[in-house]
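> Here is a sequence with its predicted model. Questions after.
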Amino acid sequence: DTEVTQTPKHLVMGMTNKKSLKCEQHMGHRAMYWYKQKAKKPPELMFVYSYEKLSINESVPSRFSPECPNSSLLNLHLHALQPEDSALYLCASSPRLGIVVSQSKRLGYGYTFGSGTRLTVV
Amino acid sequence: QKEVEQDPGPLSVPEGAIVSLNCTYSNSAFQYFMWYRQYSRKGPELLMYTYSSGNKEDGRFTAQVDKSSKYISLFIRDSQPSDSATYLCAMRKTGGFKTIFGAGTRLFVKA
């Protein structure tokens, strides 16, 4: 299994709602990431987990709350979002947080991304 | 100044053309360079990676890094309509934990 699965694919929520995004991988990767991507913009790093511990928080507002219950699962809990938070939320994983030298493009420097959750806040 | 600059395009070419996609960067500490392909409504997919300077070839794709000019390129030979996507360059520093992405270039290959 060489993929990252994200659910739901689409989500519409009101500004007072609480919802969660889910990400799952079974590649044995120990680093997992949340990115936010607006239209025609590069992915922006939000959070990084390494061995189920939060390693990097890119000064993300507290209305976004990440959780890593186990090595295969990553959640992003959403509460009191604003319309400007509407974006594609991407989950990614990599074997380790740092560089892993490998001849295979499936390991090494790159991430495996999920297809994303397209979030609309109304 | 952004750390990574990439022309957003769109770039439109006929099928069979050679495509050249480029990024420039400002931080000489970047040592690891990657190209991702992103189809509409999908997550990015790793295409190529290179370390430091030099060329790397994989099928129809060639990645080049010129560290002296802080310039990286992706060439696509015999382009196909299925190559139509957004191509993002990305890079990391030695010992760094963050990958910095370019904004992406939208490519259209016309049949």
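Alright, I've got the coordinates.
> Do a quick rundown of the strands in the chain.
By default, I'm working from chain A. With DSSP state E, the ranges of strands along chain A come out as A:4-7, A:10-13, A:18-25, A:31-37, A:44-50, A:53-57, A:64-70, A:73-79, A:87-94, A:112-113, A:117-121.
> I was thinking of chain B, sorry if that wasn't clear
Using DSSP E, the strands found in chain B span residues B:4-5, B:11-14, B:19-25, B:30-38, B:45-51, B:54-58, B:61-66, B:71-76, B:85-93, B:100-101, B:105-110.
> Distance to residue A:73 for those strands - can I get that in JSON lines?
Backbone N, C-alpha and C define where each C-beta goes, glycine included. Putting the strands of chain B into JSON lines (distance: least, C-beta to C-beta, whole Å) gives the following:
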{"stretch": "strand B:4-5", "distance to residue A:73": "31"}
{"stretch": "strand B:11-14", "distance to residue A:73": "39"}
{"stretch": "strand B:19-25", "distance to residue A:73": "34"}
{"stretch": "strand B:30-38", "distance to residue A:73": "24"}
{"stretch": "strand B:45-51", "distance to residue A:73": "22"}
{"stretch": "strand B:54-58", "distance to residue A:73": "32"}
{"stretch": "strand B:61-66", "distance to residue A:73": "33"}
{"stretch": "strand B:71-76", "distance to residue A:73": "34"}
{"stretch": "strand B:85-93", "distance to residue A:73": "25"}
{"stretch": "strand B:100-101", "distance to residue A:73": "25"}
{"stretch": "strand B:105-110", "distance to residue A:73": "33"}
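> Show me the one of those that comes nearest residue A:25.
strand B:45-51 (14.5 Å; C-beta to C-beta).
> Is any residue of the closest one near chain A?
Yes: under the criterion of C-beta under 8 Å from any C-beta of the partner chain, strand B:45-51 makes contact with chain A via B:45, B:46, B:47, B:48, B:49, B:51.
> Please state the offset of that strand from the chain centre?
8 Å (C-alpha atoms, centre = their mean, to the nearest Å).
> Can you check what pLDDT the model gives the closest residue to residue A:6 other than its chain neighbours?
Nearest non-adjacent residue to residue A:6, counting by C-beta to C-beta, 6 or more residues apart in numbering or on different chains: residue A:114, 3.7 Å away. You'll see residue A:114 listed with a pLDDT of 94.
> Residue B:88 bridge partners, please.
Legend: beta-bridge partners of residue B:88 under DSSP bridges are residue B:36.
> surely it meets residue B:104?
Yes: between residue B:88 and residue B:104 there is a contact under C-beta atoms under 8 Å: 4.4 Å.
> Report the contact partners of residue B:102.
Residues in contact with residue B:102, defined by C-beta atoms under 8 Å, 6 or more residues apart in numbering or on different chains, are A:42, B:4, B:5, B:6, B:23, B:88, B:89, B:90.
> residues touching the third one, list them.
When contacts are counted by C-beta under 8 Å, 6+ apart, residue B:5 is found next to B:23, B:24, B:25, B:102.
> For it, give its distance to residue B:51.
21 Å (C-beta to C-beta, to the nearest Å).
> now the fourth one
Plainly put, residue B:6 is 20 Å away from residue B:51 if you go by C-beta to C-beta.
> Tell me which of the two has more neighbours.
More crowded of residue B:6 and residue B:51, by other C-beta atoms under 10 Å in any protein chain shown: residue B:6, with 23 against 15.
> List phi and psi for that one.
Recorded main-chain torsions at residue B:6 are phi -150, psi 130, according to degrees, to the nearest 10.
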